[in-house]
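> Got a predicted structure here, sequence first:
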Amino acid sequence: MMTELHAIGERARHLLAQAGTDPGAWVCVTLPLRGVTLHSLPQTRIRRYLWMRPDRGERWLGLGSAWFGEAVGDDHLQGLAARADVLFEGLVRLDPESVGTTPRLSLCSGEGRGHLNLPLVQLHGDDHGTRITLCRDPRHPDAWMACLASFAEALRHPLDPLPGPPLLSVSGQQPDAGAWIGQAGAAVAALRRGGLRKLVLARRIRVTAQRTLSERHLVQTLACRHPGCTIFAADLDDGTWVGASPEVLLDQRAGRLLSEAVAGTVRRDPDQTLDRALGEWLRSDAKNLREHALVVDALGEGLLPACRDLEIPVRPELMRLRGLQHLRTPLRGRMRAGWRALEVAQRLHPSPAICGAPRHGARDWLRRHERLPRRWFAGLSGWIDPTGDASLNVVLRGCAVEAPISTPGPVWWPIPSPWPSGRRRS
C-alpha cells in the first residue's frame, strides 16, 4: 500500500508540474487508487471529514484543507454558495484516466454560521472502486504531499477489533429537569396563544464513558447498525462530531433532486406482528400525520420555485430504522437552470422537523427561550461539487467527542424533543 501511494504521489507531482496552469490557481488531479477500501476514519491529527452511505456503497473522505470559506448569519448558506462559485470558476481539474470523479467541498453548517472546505486529499469509494484526488493550494504548493504522507502512515496501523459497548453514565443535562419542564410549559402556552403551530426544543445530556472512546470505532459501529442512514464525522473546533443521520435535506445528482420529510415516530418491537401494528398505528395517528404534513408543506413550498416536475406522494411511507419507525415522504423533482444546491438548502433549512412552524416565528421564540447553544446540532453536514451535485443531511443522531481520542472523557449527546407541538388555535 505504501508503494502504491508513493507511486500515486509521484505521478500527481509530475502531472501538477506539467499542467502549465496559473501558479495562483487551485489545481486538483484525480487518479484511480487500488488496494484501499474506505471503512472508517484514519488515525491522524490532520483535520478529517467523512461521509458514507453504507447501503449504497458510497464513501468519501477528505483530509486537510487547500481552501476554506466561511459565512455567518441566518443566510450563511447563500453566502457559502457565492464563495463556492468563485472557487469553482477558477478550479483546474485534471483527470488523466477519465475516471469521471470530481473534487468535492465538505459542508458543515450550524447555528448561524457555516463553512466549506476543499480537502488536500480526497478518497472517493463506491462499487466502481476507489479514486484519490489531490489538491494543490497555490499558497502552499507542497501541502498535499505532507497530507498524503500522513494518510499513508495512518494506513500502517490497522483498526483494532471492535470492543464491546462501553459503560456509559449520565453526568449532567442542560437545562436541568425543572428548567426543562418550565421551558416546555412556556412553549405550550405560546402555541395556545396562536401564531405558532409547532416548536421543537433541544436539550443536552452529558454522558461519560468508562473507557477510551474511538471515533473510528464509533463510525464503524454506526455504519454496521444504521446502513440506511448517512454516516458523518467531522473534526471541528469543539471536537469530533460523529453521527448517523436519517434525514436527507437535499440530494442532487445530475439535476435530479430528492428531499425527505421525516417526522412522526414510534418505537420498533422484536415481535414482528406488534412491530407492524405499531407502524400502521403511526400511519393513521392524527397528531403524527398533522405534524408530518407541516414538514411536507414547508419543504414543498421551499422546493417549488427551484424545481420542475415536483412529485410529492399523497400519503407518507414508513421508514424503519434500528429501534424507531418514522413517517417519511420523499419529495422528488428536477432542478431548474440557474439554481444552486446551497441556495435551495437555504430555502428548506431549518424545517419544522427541527425548529417549528412557521419557521421565522419558531426560530425567534427558540432564540429567546431555549438559551442552549445548539452549536452544529440540527445543522447540516454533507458535500457539494463543481458539477452542481450535492448531498446534504440534517445533523441528527450524533455526538461530539470533546476529549482527545487518547484520553477517556465526556461526550455531549444533543437530544431533540418533538414535544410540545400542536395546531394554532383560532
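Now that the structure is in, tell me what you want to look at. Not measured: the values here are computed from a predicted model.
> All the helices of the protein, in order from the start?
Secondary structure of the chain by DSSP state H: the helices cover 2-18, 76-90, 143-155, 177-193, 215-225, 272-284, 286-303, 341-348, 359-369.
> Now do the third one, average pLDDT.
Averaged over helix 143-155, pLDDT sits at 92.
> Contact partners for Arg225?
By CB atoms under 8 Å, 6 or more residues apart in numbering, the contact list for Arg225 reads Ala244, Arg322. For every residue, glycine as well, the C-beta is placed using N, CA and C.
> ok, it to His6 distance?
36 Å (CB to CB, to the nearest Å).
> What of Ile384?
Per CB to CB, Ile384 is found 31 Å from His6.
> who's more crowded, those two?
Ile384 (25 against 13; other CB atoms under 10 Å).
> my guess is the more buried one contacts Ala84, does it?
Yes: with contacts counted by CB atoms under 8 Å, Ile384 reaches Ala84, the gap being 6.3 Å.
> Find the residues that touch each one of these two.
The contact sets of Ile384 and Ala84 overlap at Leu105, Leu116, Leu342 (CB under 8 Å, 6+ apart).
> Break this protein into its domains for me.
2-155, 168-417 (automatic domain parsing).
> quick one: the longest one to chain centroid distance?
Here the centre of mass of C-alpha atoms in domain 168-417, compared against the chain's by CA atoms, centre = their mean, to the nearest Å, lies 10 Å away.
> mind checking the end-to-end distance for stretch 119-132?
Stretch 119-132 has an end-to-end distance of 11 Å (criterion: CA to CA, to the nearest Å).
> what does that stretch contact?
Contacts for stretch 119-132 (CB under 8 Å, 6+ apart): 8, 30-34, 36-38, 49, 56-66, 99, 101, 103-104, 106, 133-135, 137, 143-144, 147-148, 151.
> And stretch 260-271, by the same measure?
246-249, 275, 278-279, 281-282, 285, 288-289, 291-292, 294-296, 299, 316, 319-331, 351-353, 418.
> spatially speaking, which residue is in the middle of this protein?
Ser381 (2.6 Å; CA atoms, centre = their mean).
> List the contacts of it.
Contact analysis of Ser381 by CB under 8 Å, 6+ apart lists 51, 107-109, 230, 232, 234, 241, 243, 245, 392-393, 395.
> neighbours around the closest residue to Ala362 other than its chain neighbours, how many?
Computed as CB to CB, 6 or more residues apart in numbering, the closest residue to Ala362 that is not its neighbour in sequence is Gly356, at 2.7 Å. Number of residues near Gly356 (other CB under 10 Å) recorded here: 28.
> Which strand residues bridge Gly356?
Counting by DSSP bridges, Gly356 is bridged to Leu199.
> so who does it touch?
Contacts for Gly356 were tallied using CB under 8 Å, 6+ apart; they are Leu196, Arg197, Lys198, Leu199, Val200, Ala362, Arg363, Trp365, Leu366, Ser421.
> The second one - how many residues pack around it?
This points to Arg197. Arg197: 20 neighbours (other CB under 10 Å).
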